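> I would like the atomic coordinates for the input below:
(2 chains, ligands or ions: 1)
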Amino acid sequence: MTLEAGMCSNGHVSYPTHPLCPECGEPQEETFDLADRTGEVVTWTHSTATPPGVREPNTLAIVEFDVTDIDDASDEFVRALGQVTTDEVETGDTVEPVYVEELRNPDAGIKVPESQDWDGYRWDPV
Amino acid sequence: MGVAVIGASMTKFGQRDAWIRELLSQAGEECLTDAGVAPDDVEHLYVSNMASGEFEGQTGIMNLLAHDLGVLPAYSERVDQTSSSGGAGIYEAWQSVASGASEMTLLVGGEKMTHKTTGQATDIIASITHPDEYKHGVTLPSFAGMTARHYLERFDAPRESLARVAVKNHRNGVDNPKAQFQKEITMEKALESPIIADPLRLYDFCPITDGSAGLMFTTEERAKEITDEYALVSGIGGATDTHVVHERDDPTVMGGVVESSEQAYEMAGLGPDDLDVAELHDMFTILEFLQLEGIGVADQGTAWEMAMDGATAKDGELPINTSGGLKSKGHPLGASGVAQGVEIYEQLVGEAGPRQVEADTALACNVGGFGNCVITTIMEAAE
Ligand SMILES: [Zn+2]
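I've put the predicted structure just below:
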């Protein structure tokens, strides 16, 4: 499992990946893993009215990863949304991705469980 | 071709016993009556609805409504653009008349939601998100919470400014007999209500609602023959922003609001200073600020000051959500954009009763998803 970001031949980076780059329309032919990096919390919330199969409260954060070290990347950062491992989080915190097999109960919601992945990464404050 | 609105209708919004069929029929019938149009004069029929299949197991609702109203052999279609299905219906209806394809178009929007639990309804709505967002249990309210925190922190806006939006829209809703809530709330009540998505609380969110609304569109020439009281759709625009919310360059800018309002202003030959009244999609209080900034009424990061100054109150310089907004009127997904159109039409033809303000030019902004799709409509009073 990876936290896979995509990159086109012009160095535009996105998470999640797109078949075609949303910036320029070129195919995203390269990918790289954000899972071994740390990111910074841009904003967050404690969500208390959660749907069936989702933990409550569900603390979520948008995190910004610096990608200036990636060869050929023309973007300086890429953002990702994810659950936070704890309810104690603040804007500006440094977090690292931690793998989780099931982020919510796939059988409890409206979606057909087989229609998508349910594993992924939570943000763990460093 | 000039496009006119010649009739409007709205069922009571709230927790209703009626299912989608009855809600749509009621608004459809009342709209035909209000416009003075016979069912077989209708050439195009649009039904705005997000999820009758998911909520109720009823699909093909344009056929159901055509059956119940006797609107045959009209071209009919269901329009889904999530929360902006109603606005998208206005867009389709405008297009049908402007293109010459239809001389008489009926638009009815509706949704039946309250029979589901809050969790189930939240999940149906959350299923519009990208799978990589959905798996984290993200909901539309949680996007609002994250955006509100960023807005307040970045622009140093007071938390009270959001509560003022809720208090204002509840105040306006008192004068709307069709609103789900016709009661005022206090600042204390708003600021002490339970947390739903920190920093947002219960009173920052619209309720879950059943309801339906209708609008009748025709050519300007035909409108003149039929009635003295009509409004013109002088500008309209629609745009799509990123599906994944965190991919936007600036979390406080709704690109779809900016793009669609620019299109609408350009078509109408108007600008933000020309507006007399507007309905904005206050599904969450923070959205009123993002839209005031997106449609160019306020500079980025300053719309909260309008809430604090009372500039958006009914007696302020630009009344926002005289209907009570989604906040107090309720938000039956597919009906909401149509109901916004109903309010600005009634303001322009002088039928808004105790909610009436002086208005020749009005705007409605209907937001789908968390800004994923946006429709902005400008109507003007016929001179
Ligand atoms: Zn590119």
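> quick one: contacts for A:Met7?
Going by Cβ atoms under 8 Å, 6 or more residues apart in numbering or on different chains, A:Met7 touches A:13-14, A:28-32, A:70, A:72-73. Bear in mind the C-beta positions are built from the backbone N, C-alpha and C, glycine included.
> Swap in 6 Å and give it another go.
A:13, A:30 (Cβ atoms under 6 Å, 6 or more residues apart in numbering or on different chains).
> Tell me the spacing between it and B:Ala339.
44 Å (Cβ to Cβ, to the nearest Å).
> Show the pLDDT at B:Met1.
pLDDT for B:Met1: 76.
> mind listing what the residue nearest to the spatial centre of chain A touches?
In chain A, the C-alpha nearest the mean C-alpha coordinate belongs to A:Ala80, at 3.5 Å (Cα atoms, centre = their mean). If a contact means Cβ under 6 Å, 6+ apart, then A:Ala80 has A:15, A:63 as its contacts.
> For it, identify the helix or strand it belongs to.
strand A:77-83 (DSSP states H and E).
> strands paired with the helix or strand following that strand, and their directions?
As assigned by DSSP H and E, the chain's next helix or strand after strand A:77-83 is strand A:94-100. When pairing is defined by DSSP bridges, strand A:94-100 lines up against strand A:39-47 (antiparallel), strand A:120-125 (antiparallel).
> Not counting the helix or strand containing B:Cys365 itself, show me its contacts.
Using DSSP H and E, B:Cys365 maps to strand B:361-368. Applying Cβ under 6 Å, 6+ apart, the contact partners of strand B:361-368 are B:81-84, B:86-87, B:274-281, B:291, B:337, B:340-341, B:344, B:347-348, B:374-380.
> same thing with stretch A:59-72?
Stretch A:59-72 is contacted from outside by A:11, A:13, A:34, A:37, A:39-46, A:73, A:76-81, A:83-84, A:87, A:89, A:95, A:123, B:142, B:146, B:246, using Cβ under 6 Å, 6+ apart.
> Check the offset of that stretch from the chain's centre.
Remark: stretch A:59-72 is offset 9 Å from the chain centroid, using Cα atoms, centre = their mean, to the nearest Å.
> how long is it from one end to the other?
34 Å (Cα to Cα, to the nearest Å).
> Buried residues, it. List them.
Residues A:59-63, A:65, A:67, A:70 are the ones in stretch A:59-72 that count as buried (16 or more other Cβ atoms under 10 Å in any protein chain shown).
> picking up where we left off before, would you list the strands that the strand holding B:Cys365 pairs with, along with their directions?
strand B:277-280 (parallel), strand B:373-381 (antiparallel).
> Quick one, which of the contacts of strand B:361-368 are buried?
Of the contacts of strand B:361-368, these count as buried by 16+ other Cβ under 10 Å: B:81-84, B:86-87, B:275-281, B:291, B:337, B:340-341, B:344, B:347-348, B:374-380.
> got the strands paired with strand B:361-368 as TSV, with mean pLDDT columns?
Formatted as TSV, those follow (pLDDT from 0 to 100):
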stretch	mean pLDDT
strand B:277-280	98
strand B:373-381	98
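> and B:Asn49, which of the ones you listed is closest to it?
Closest of the strands paired with strand B:361-368 to B:Asn49 is strand B:373-381, at 14.8 Å (criterion: Cβ to Cβ).
> List the neighbours of the helix or strand hosting B:Leu162 that are in contact with it.
Secondary structure from DSSP H and E places B:Leu162 in helix B:160-173. With Cβ under 6 Å, 6+ apart as the test, helix B:160-173 has contacts from B:179, B:181-182, B:184-185, B:187, B:190-191, B:203-204, B:285, B:288, B:304, B:307-308, B:313-314, B:321-322, B:324-325, B:327-329.
> ok, now stretch B:306-326?
Contacts of stretch B:306-326 (Cβ under 6 Å, 6+ apart): B:161, B:164-165, B:168-169, B:172-173, B:176, B:179, B:206, B:277-280, B:282-283, B:298, B:329, B:336, B:343, B:355, B:357.
> Relative to the strand holding A:Ala80, what are the paired strands and their orientations?
Counting by DSSP bridges, strand A:77-83 is paired with strand A:58-66 (antiparallel).
> Show the average pLDDT along the strand it pairs with.
On average, strand A:58-66 scores 98.
> Quick check: residues of the stretch 1-150 of chain B near chain A?
B:119, B:122-124, B:126-127, B:131-133, B:135-137, B:142, B:145-146, B:149-150 (Cβ under 6 Å from any Cβ of the partner chain).
> can you list the weak-confidence ranges in chain A?
Along chain A, no part satisfies pLDDT under 70.
> let's see it at 80
A:1 (pLDDT under 80).
> just to revisit the earlier point, which one of the strands paired with strand B:361-368 lies nearest to B:Val253?
Closest to B:Val253 of those is strand B:373-381 (Cβ to Cβ; 11.9 Å).
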